[in-house]
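# for reference, the sequence and a predicted model appear below.
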Amino acid sequence: MRERRYPSDMTDHEWALVEQLLPLPASETTRGGRPEKHPRREIVDAIRYVVDTGCKWRALPADFPPWRTVWGFMARWAAAGVIGQIRDALAGRIRREMGRGPRAVATIIDSQSVKAASTVGKDSRGYDAGKKINGRKRHVVVDTKGLPLMVMVTPADLHDSAAAKEVLFRLRLTHPEITLVWADRAYAGKLVTWAKKHLNLTIKTISRPKDTTGFVVLPRRWVVERSLAWMMNARRHARDYERLIQHSETLITWAAITLMTRRITRAGATWTQQSRPTAPAT
């Protein structure tokens with residue numbers, strides 16, 4: 001194993017959290033396969049390094065596994081839904097430690113437009129006239145404590161209410177227990193009726209108070225805005241560099257996973273065989 005030397009590297013407690021939620025290596029399954037050449041902890045540390053520092057995949061330091069190997073694991077785990085399972089398992093543990101049920105029933109939705117790098121093709125980028133940004137838009141759903149439940153990335157020119165239909169449909173499939181969604185005025189109108197009729201979801205919009213100027217903290221909405229700010233601390237997300245939208249969604253989720261593993265282990269909690277959560281079934 002390589003020496004732990006970067007701020008993004010996992011502690012032993014963090015690795016114990018993540019290791020239990022990763023799928024078994026092919027060589028340990030009944031189907032069999034070639035043993036993996038590089039330790040998985042180094043693979044995860046390399047992914048976190050890219051997210052935290054914003055470096056190019058090809059610029060990974062030499063003490064990590066080859067960048068193509070790291071990128072391949074990132075893409076395969078994302079396609080298999082592993083990253084979403086890790087996110088949900090960690091969020092469920094945090095909720096239980098806060099004295100709440102492991103599954104949220106109330107959520108907040110919001111979006112964030114960010115500039116796209118030259119590596120982003122014109123087929124997956126657009127111009128947000130309101131924010132005057134040429135790039136992509138991140139649609140995020142969190143629970144009332146700011147824990148992420150869903151991330152979807154679209155071209156920036158797609159209106160929030162149009163993208164919300166796909167976001168809420170995915171949310172309903174993966175989190176059928178959710179009944180309430182708080183949102184801003186961009187999600188008002190026909191979307192409220194559509195969500196109630198087709199998804200049995202109640203959307204409550206929170207408007208800015210009249211005759212106010214400057215920054216105002218709005219009930220409920222500040223929670224998702226804080227979560228977006230947390231994830232923006234990862235330099236990879238200062239703008240969007242990913243050619244494929246699904247990889248952009250995956251790396252945003254990795255930033256959230258890093259925040260949650262640090263939050264769980266910061267209090268000195270240990271991860272035992274008896275207390276580990278079971279990853280949701282795919």
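Received the coordinates, thanks.
# and the strands in the chain?
106-115, 126-128, 133-143, 148-155, 180-183, 202-205 (DSSP state E).
# report the distance from the longest one to the chain centre.
The one in question is strand 133-143. 11 Å (C-alpha atoms, centre = their mean, to the nearest Å).
# could I get the strands of the chain as a markdown table with mean neighbour count?
Heads up, the C-betas are built off the backbone N, CA and C, glycines and all. As requested, the strands of the chain are exported to a markdown table (neighbours: other C-beta atoms under 10 Å):
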| stretch | mean neighbour count |
| --- | --- |
| strand 106-115 | 22 |
| strand 126-128 | 17 |
| strand 133-143 | 23 |
| strand 148-155 | 23 |
| strand 180-183 | 22 |
| strand 202-205 | 16 |
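# closest one to residue 41 among these?
Residue 41 lies closest, by C-beta to C-beta, to one member of the strands of the chain: strand 148-155, at 23.2 Å.
# of all residues in this structure, which one is nearest the centre?
Geometric centre of the chain, nearest residue: residue 253, 2.4 Å, by C-alpha atoms, centre = their mean.
# let me see the contact set for that one.
Residues counted as contacts of residue 253 (C-beta atoms under 8 Å, 6 or more residues apart in numbering) are 83-84, 87, 148, 151.
# ok, the closest residue to residue 70 other than its chain neighbours - how many residues close by?
For residue 70, ignoring the flanking residues on the chain, the nearest one in space by C-beta to C-beta, 6 or more residues apart in numbering is residue 46 at 4.3 Å. Look at residue 46: counted by other C-beta atoms under 10 Å, it has 28 neighbours.
# what separation do you get for residue 46 and residue 39?
According to C-beta to C-beta, to the nearest Å, residue 46 and residue 39 sit 11 Å apart.
# likewise residue 151?
Residue 151 is 28 Å from residue 39, by C-beta to C-beta.
# quick one: residue 255 and residue 229 touch, right?
No. Using C-beta atoms under 8 Å, residue 255 is not in contact with residue 229; the gap is 11.5 Å.
# more crowded one of those two?
residue 255 (21 against 11).
# run through the residues that contact residue 172.
Per C-beta under 8 Å, 6+ apart, neighbours of residue 172: 178, 199, 201.
# again, only this time at 6 Å
residue 199 (C-beta atoms under 6 Å, 6 or more residues apart in numbering).
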